[in-house]
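Chemist: Pasting the sequence and the predicted model now:
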Amino acid sequence: MRGMNTERAPDSLPMLHLREIAEDHVRLVAILVRRKGATPPILEADGKRIEAEALRTEAGATLWRYAFTLPRAARTQYRVEGRDYQVATDFRGDMSIAFVSCNGQEHGDLDRPVASRNALWRQLAERNAREPIQLLLQGGDQIYADEVTEAHPLSRDWPDVPHRELGDDEIAELRAALGKAFFLRYATQAAQGGFSEVSARIPTLAMWDDHDICDGWGSLRPASLDSQVGRCLFEAAREAFLLFQMGHAPSERPEIAMGEGHLSWRVTAPGFSIVAPDLRSTRRPERVMDDRTWADMERVMGELPTGHTFIMSSVPALGPRLSLVERAMKITRRMEKYEDDLRDQWQSFAHREEWQRFLRLLLDRHEDPDAPVTVLSGEIHLATRAIMDAPAGPLHQLVASGITHPAPPRLYARGLGTLARFGETPLKGHPIRLRALPGQRAIYAAQRNYLMLHRRDGGWSAEWMLEKSGRTPALPL
């Protein structure tokens with residue numbers, strides 16, 4: 001990241017985070033960045049003046065937090081520095097949810113022209129102005145932190161080169177450099193036009209994925225993950241995620257958290273629930289989630305009220321037969337560099353039993369006619385959908401990726417489409433089939449995109465916004 005060690009984090013607009021949907025109000029927090037030493041503005045909401053609380057000072061700036069409520073209404077607003085921000089807070093009847101993922105690219109992300117990088121964010125902001133959106137779900141890779149390791153000499157060659165044992169002073173210096181680098185990256189991205197207009201007006205819920213830490217986190221060699229550099233990197237990434245993506249101090253347990261030791265969360269709303277398992281904090285090459293994360297996930301799924309259940313699986317739960325690619329890897333060493341990418345997937349040989357466990361959990365919930373399940377995923381930089389057969393009706397997976405990441409070559413999309421034709425049945429009697437988006441011919445759409453979920457007259461539907469092709473026809477869920 002250019003100038004990472006010398007730049008000051010820029011000021012930002014407020015960024016909204018959802019805390020709770022109550023009977024007559026919505027609890028929110030807003031965070032914003034201001035120059036270190038500057039007096040933070042007062043936030044005005046629902047007739048009250050809300051003062052700021054400092055969360056972190058870093059990179060020449062302070063991250064401030066405001067906790068407040070807004071009444072449940074089709075349109076309400078809050079004010080900061082004389083500017084009104086309209087928010088849709090009525091979750092009872094007809095409503096809309098936006099789902100996005102992969103907000104960046106691996107190298108040179110923040111050096112791209114803002115207008116082209118954030119074209120779909122601007123489109124989403126304009127859409128919200130016309131058609132109010134109640135909630136923004138961010139499904140993973142909200143930042144691309146791959147370049148953060150360049151912030152210090154000790155992390156620049158990680159994970160490829162093993163390090164000697166580091167002293168306490170070296171660890172403290174490394175930790176400070178990584179913390180500053182993460183803060184600066186988040187703050188710089190948050191101030192960009194397009195994204196900032198959306199995040200100031202639509203409350204968000206987010207779950208992280210590997211690039212919010214580093215490429216392939218959890219699927220890399222255990223020696224690298226558990227090294228001193230690896231642990232410093234993870235802790236710095238976790239603190240930054242809590243600060244910027246959840247609006248929490250690192251010492252706080254998020255109110256929506258399922259348990260301890262991971263960042264999985266759940267939120268309930270009138271007629272629906274959203275559950276986001278943390279697929280990164282406890283991941284290792286041989287597992288996706290540890291026993292404690294699994295126990296909390298299974299407990300929460302059994303406690304949810306009736307209504308539509310949206311599961312945010314950052315890595316797609318229904319996908320092509322990638323085991324064929326893993327077999328090919330054993331034939332040639334040329335593909336070894338892709339091993340961690342394949343281990344990231346539920347469909348990996350290493351995770352097959354765990355994948356089956358996850359799918360059974362979803363199907364158990366889906367079998368209740370009053371609690372259908374839809375899976376929301378990103379990660380693959382393509383848009384697609386899938387269904388898994390079930391007696392109660394198809395269980396849908398909707399994939400939207402990425403909102404700013406450049407689309408991969410069409411040949412890549414065609415290759416995945418070829419794998420999809422082989423089909424996959426990890427659970428006997430419940431085949432998985434990948435399908436093209438409504439109005440599209442290919443199974444995978446190689447365009448930047450985001451997803452919209454709409455509830456109308458009690459029924460849910462989905463539509464994708466593709467950068468070149470435009471809005472797809474609605475898909476009933």
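Modeler: That came through, no problem.
Chemist: For the helix or strand hosting Ile171, output the C-alpha coordinates as PDB.
Modeler: Secondary structure from DSSP states H and E places Ile171 in helix 168-190. C-alpha atoms of helix 168-190 as PDB (Å, rounded to 0.1, in the frame of the first residue of the first chain):
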ATOM      1  CA  ASP A 168       9.200  -9.200  22.800                       C
ATOM      2  CA  ASP A 169      10.300  -5.900  21.300                       C
ATOM      3  CA  GLU A 170      10.200  -7.200  17.800                       C
ATOM      4  CA  ILE A 171       6.700  -8.700  18.300                       C
ATOM      5  CA  ALA A 172       5.500  -5.400  19.700                       C
ATOM      6  CA  GLU A 173       7.000  -3.400  16.800                       C
ATOM      7  CA  LEU A 174       5.500  -5.900  14.200                       C
ATOM      8  CA  ARG A 175       2.100  -5.800  16.000                       C
ATOM      9  CA  ALA A 176       2.100  -1.900  15.900                       C
ATOM     10  CA  ALA A 177       3.000  -1.800  12.200                       C
ATOM     11  CA  LEU A 178       0.300  -4.300  11.200                       C
ATOM     12  CA  GLY A 179      -2.300  -2.600  13.400                       C
ATOM     13  CA  LYS A 180      -1.600   0.800  11.700                       C
ATOM     14  CA  ALA A 181      -1.600  -0.800   8.200                       C
ATOM     15  CA  PHE A 182      -5.000  -2.400   8.800                       C
ATOM     16  CA  PHE A 183      -6.500   0.800  10.200                       C
ATOM     17  CA  LEU A 184      -5.200   2.800   7.300                       C
ATOM     18  CA  ARG A 185      -6.500   0.400   4.700                       C
ATOM     19  CA  TYR A 186     -10.000   0.300   6.300                       C
ATOM     20  CA  ALA A 187     -10.100   4.100   6.800                       C
ATOM     21  CA  THR A 188      -8.900   4.900   3.200                       C
ATOM     22  CA  GLN A 189     -11.500   2.600   1.700                       C
ATOM     23  CA  ALA A 190     -14.300   3.800   4.000                       C
END
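Chemist: Can you spell out which helices and strands pack onto it?
Modeler: Helices and strands touching helix 168-190, as assessed by 3 or more Cβ pairs under 8 Å, 6 or more residues apart in numbering; DSSP states H and E, comprise strand 53-58, strand 61-71, helix 153-156, helix 195-199, helix 228-245. C-beta here means a position set from N, CA and C on the backbone, and glycine is covered the same way.
Chemist: Which one of the ones you listed has the poorest average confidence?
Modeler: Set side by side, those differ in mean pLDDT, and helix 153-156 is lowest with a mean of 94.
Chemist: Contacts for stretch 465-477, please.
Modeler: Where contact means Cβ atoms under 8 Å, 6 or more residues apart in numbering, the residues beyond stretch 465-477 that reach it are 119-120, 123-124, 308, 372, 374, 383, 385, 396, 398, 407, 437-440, 445, 447-454, 459-464.
Chemist: actually stretch 80-87, not the one I typed
Modeler: Applying Cβ under 8 Å, 6+ apart, the contact partners of stretch 80-87 are 14, 16, 28, 30, 32, 41-44, 70, 75-79, 132, 200-203.
Chemist: What average pLDDT does it get?
Modeler: Model confidence over stretch 80-87 averages 97 on the pLDDT scale.
Chemist: can you dump the C-alpha coordinates of the helix or strand containing Met465 into CSV?
Modeler: The secondary structure element spanning Met465 is strand 459-466 (assigned by DSSP H and E). This file holds the C-alpha atoms of strand 459-466, laid out as CSV (Å, rounded to 0.1, in the frame of the first residue of the first chain):
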residue,chain,number,x,y,z
GLY,A,459,-42.8,-13.9,-0.2
TRP,A,460,-39.1,-13.5,-0.9
SER,A,461,-37.3,-13.2,-4.3
ALA,A,462,-33.8,-12.5,-5.5
GLU,A,463,-32.3,-10.6,-8.4
TRP,A,464,-28.8,-9.8,-9.4
MET,A,465,-27.4,-6.6,-10.7
LEU,A,466,-24.8,-7.4,-13.3
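Chemist: Quick one: the helices in this protein, in order.
Modeler: Under the criterion DSSP state H, helices of the chain are mapped to 114-117, 119-130, 153-156, 168-190, 195-199, 222-225, 228-245, 291-303, 323-329, 339-343, 352-366, 410-420.
Chemist: Just tell me which of those helices ends up closest to Pro10.
Modeler: Within the helices of the chain, the stretch nearest Pro10 is helix 168-190; the backing value is 6.3 Å (Cβ to Cβ).
Chemist: Just the buried residues from the contacts of stretch 465-477, in ChimeraX please.
Modeler: To isolate the buried members of these in ChimeraX, using 16 or more other Cβ atoms under 10 Å:
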select :119,120,123,124,308,372,374,383,385,396,398,407,437,438,440,445,447,448,449,450,451,452,453,454,460,462,463,464
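Chemist: that older thread, from the contacts of stretch 80-87, list the buried ones, please.
Modeler: Neighbour-count burial within the contacts of stretch 80-87 applies to 14, 16, 28, 30, 32, 41, 43-44, 70, 76-78, 132, 200-203; the criterion is 16+ other Cβ under 10 Å.
Chemist: can you tell me which residues contact Arg287?
Modeler: Taking Cβ under 8 Å, 6+ apart as the definition of contact, the neighbours of Arg287 are 350-351, 354.
Chemist: so how far is Thr204 from it?
Modeler: Taking Cβ to Cβ, to the nearest Å as the measure, Arg287 falls 29 Å from Thr204.
Chemist: Mind putting the helices and strands packed on helix 168-190 into JSON lines with distance to Asp169?
Modeler: Formatted as JSON lines, the helices and strands packed on helix 168-190 follow (distance: least, Cβ to Cβ, whole Å):
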{"stretch": "strand 53-58", "distance to Asp169": "20"}
{"stretch": "strand 61-71", "distance to Asp169": "26"}
{"stretch": "helix 153-156", "distance to Asp169": "12"}
{"stretch": "helix 195-199", "distance to Asp169": "37"}
{"stretch": "helix 228-245", "distance to Asp169": "13"}
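Chemist: Can you pull out the low-pLDDT segments for the stretch 201-350 of the chain?
Modeler: Scanning the stretch 201-350 of the chain with the threshold set as pLDDT under 70 gives 321-340.
Chemist: swap the cut-off to 80 and go again
Modeler: Counting by pLDDT under 80, the ranges of the stretch 201-350 of the chain that qualify are 320-342.
Chemist: quick one: buried residues of stretch 213-222?
Modeler: Of the residues in stretch 213-222, 213-221 count as buried by neighbour count, 16+ other Cβ under 10 Å.
Chemist: If we only consider the residues you listed, which is nearest to Gln105?
Modeler: Sorting the buried residues of stretch 213-222 by distance to Gln105 puts Asp215 at the head of the list, at 11.4 Å, by Cβ to Cβ.
Chemist: And the nearest residue to the closest one once chain neighbours are set aside, how close does it get to Leu110?
Modeler: Computed as Cβ to Cβ, 6 or more residues apart in numbering, the closest residue to Asp215 that is not its neighbour in sequence is Asp146, at 5.4 Å. Here Asp146 is placed at a distance of 12 Å from Leu110 (Cβ to Cβ).
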